[in-house]
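1. coordinates for the following, if possible.
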Amino acid sequence: MSTADQHECEHEITIAAPAEVVYRLIAEVENWPRIFPPTIHVDQESTGDREERIRIWATANGEPKSWVSRRTLDPDRFRIRFQQEVSAPPVAAMRGEWIIEPGQEGNSRVRLLHGYRAVDDDAQALAWIDAAVDRNSRAELAALRENVESTVAAVDSTFSFEDSVLVRGVAEDVYAFVNEADRWVERLPHVASVRFEHTEQGVQTLEMDTKAKDGSTHRTMSYRVVFPANRIVYKQVTLPKLLALHTGVWTFTPVGDGVLASSRHTVVLNTENITSILGDTATLADARDYVRNALSTNSSATLDLAKAYAEDRAGFAAAE
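-> Okay, the predicted model is just below:
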């Protein structure tokens, strides 16, 4: 991996799991928003036998970034090589490798190698990259170990669900309603305040205060990646105390003369906080029901209002 014009670094960690399990979690990029804290979303495109192109949206030093990488998968040796095809400034080039080595008693040694250059070889930019790579690598490896080692225990606390409505309108209008989060205070009764920003990398930052049924408000922050008129994916990075993870996707699928609008959530419960929030007798099942009801109530309300907005624009409300 070495070249004369790049900086190199290596991070490693020991994980109490077989090498094939660790390799699989890294190879299957749909796991990344769940197991790697900086990752917001990953799109994957196969380019040949054991070759693929992936586009990653993630935070670096707290800033949302996006880049395209090529990966070469080697499941026989538990190795994955990667190289950024399109980097995000101040990175000029980035490459690296995951190496998973079987250890004693079913453990694995995971090594994460990086080599990189800064735009114009700028010293200040290089220092920024050094800090970002170090911070993200440590966070990724720690999260990988925690996620793999708690896989069995987390089965009951990890779940997904979806709400949908059929809209007699066009996908662009339903999408616009959900996309224009800066207008949610005037459009959604459960939203008390919003801070909404766009980045040049195509990532939205959405911070909002949401009103609960008991009158209290809860502040959350999410990063959103938008695919116009098709889907909006997001990852919540400031979470309610009952959640350890919350990712989701809004989808807008044309069907016949309308569109099926859906909101899918994937959550991991923070089991340590169940009794302090829901009471001493609360169970895991109670927490699942509580979280699903709270999230579904808000997403269903948003979908219903998006439906009314799109159908009004399509003239159905006037026709009736």
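
2. pretty sure residue 237 is touching residue 223, no?
-> Yes: checked against CB atoms under 8 Å, the pair residue 237 and residue 223 is within contact range at 6.3 Å. Glycine gets a C-beta too; all of them are placed from N, C-alpha and C.

3. so what sits against both of those two?
-> Common contacts of residue 237 and residue 223 (CB atoms under 8 Å, 6 or more residues apart in numbering): residue 59.

4. the more surrounded of the two?
-> Shown here are residue 237 and residue 223; by other CB atoms under 10 Å, residue 223 has more neighbours (22 against 18).

5. please identify the helix or strand for the more buried one.
-> strand 217-227 (DSSP states H and E).

6. any idea how far that strand is from the chain center?
-> 11 Å (CA atoms, centre = their mean, to the nearest Å).

7. burial count for the residue lying closest to residue 228 once chain neighbours are set aside?
-> Excluding the flanking residues, the one nearest residue 228 by CB to CB, 6 or more residues apart in numbering is residue 175, at 6.7 Å. Using other CB under 10 Å, residue 175 is surrounded by 24 other residues.

8. separation between residue 175 and residue 229?
-> Separation of residue 175 from residue 229 (CB to CB, to the nearest Å): 5 Å.

9. give the residues shared as contacts by those two.
-> Shared contacts of residue 175 and residue 229 (CB under 8 Å, 6+ apart): residue 252.

10. strands of the stretch 101-250 of the chain, start to end?
-> Under the criterion DSSP state E, counting those that start in this stretch, the stretch 101-250 of the chain contains strands at 108-118, 158-167, 191-198, 203-211, 217-227, 231-238, 243-255.

11. ok, which of those comes nearest residue 55?
-> For these, the distance to residue 55 is smallest for strand 217-227, at 9.3 Å, taking CB to CB.

12. for that closest one, list every residue counted as buried.
-> For strand 217-227, a neighbour-count test (16 or more other CB atoms under 10 Å) marks 220, 222-227 as buried.

13. same thing with stretch 188-198?
-> Buried residues in stretch 188-198, counting neighbours by 16+ other CB under 10 Å, are found at 188, 190-191, 194, 196.

14. which one of the residues you listed is nearest residue 215?
-> Distance ranking of these against residue 215, using CB to CB, places residue 190 first at 11.5 Å.

15. who touches stretch 171-189?
-> 167, 191-194, 196, 204, 206, 208, 211, 224, 226, 228-230, 232, 250, 252-254, 259, 261, 301-302, 305-307, 309-310, 313-314.

16. starting at the chain centroid, how far to it?
-> With CA atoms, centre = their mean as the basis, stretch 171-189 stands 21 Å off its chain's centre.

17. same question for stretch 222-233.
-> On CA atoms, centre = their mean, the centre of stretch 222-233 falls 11 Å from the chain's centre.

18. repeat for stretch 276-284
-> On CA atoms, centre = their mean, the centre of stretch 276-284 falls 28 Å from that of its chain.

19. which residues touch it?
-> By CB under 8 Å, 6+ apart, stretch 276-284 touches 156-157, 241-242, 269, 271, 274-275, 286-287, 290.

20. dump the residues you listed to TSV, plus neighbour count.
-> TSV is the format used below for the contacts of stretch 276-284 (neighbours: other CB atoms under 10 Å):
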residue	neighbour count
156	12
157	19
241	12
242	20
269	21
271	15
274	21
275	14
286	14
287	21
290	16
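
21. quick one: mark the members of those residues that sit in helices.
-> If you go by DSSP state H, those have 274-275, 286-287, 290 in helices.

22. and the residue nearest the centre of the chain, what does it touch?
-> Nearest to the mean C-alpha position of the chain, counting by CA atoms, centre = their mean, stands residue 40 at 3.2 Å. Residues in contact with residue 40, defined by CB under 8 Å, 6+ apart, are 33, 57-59, 64, 203, 223, 225, 233-235.

23. redo the residues you listed as JSON lines? Include distance to residue 171.
-> Formatted as JSON lines, those follow (distance: CB to CB, whole Å):
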{"residue": "33", "distance to residue 171": "24"}
{"residue": "57", "distance to residue 171": "22"}
{"residue": "58", "distance to residue 171": "27"}
{"residue": "59", "distance to residue 171": "29"}
{"residue": "64", "distance to residue 171": "25"}
{"residue": "203", "distance to residue 171": "22"}
{"residue": "223", "distance to residue 171": "23"}
{"residue": "225", "distance to residue 171": "17"}
{"residue": "233", "distance to residue 171": "16"}
{"residue": "234", "distance to residue 171": "18"}
{"residue": "235", "distance to residue 171": "23"}
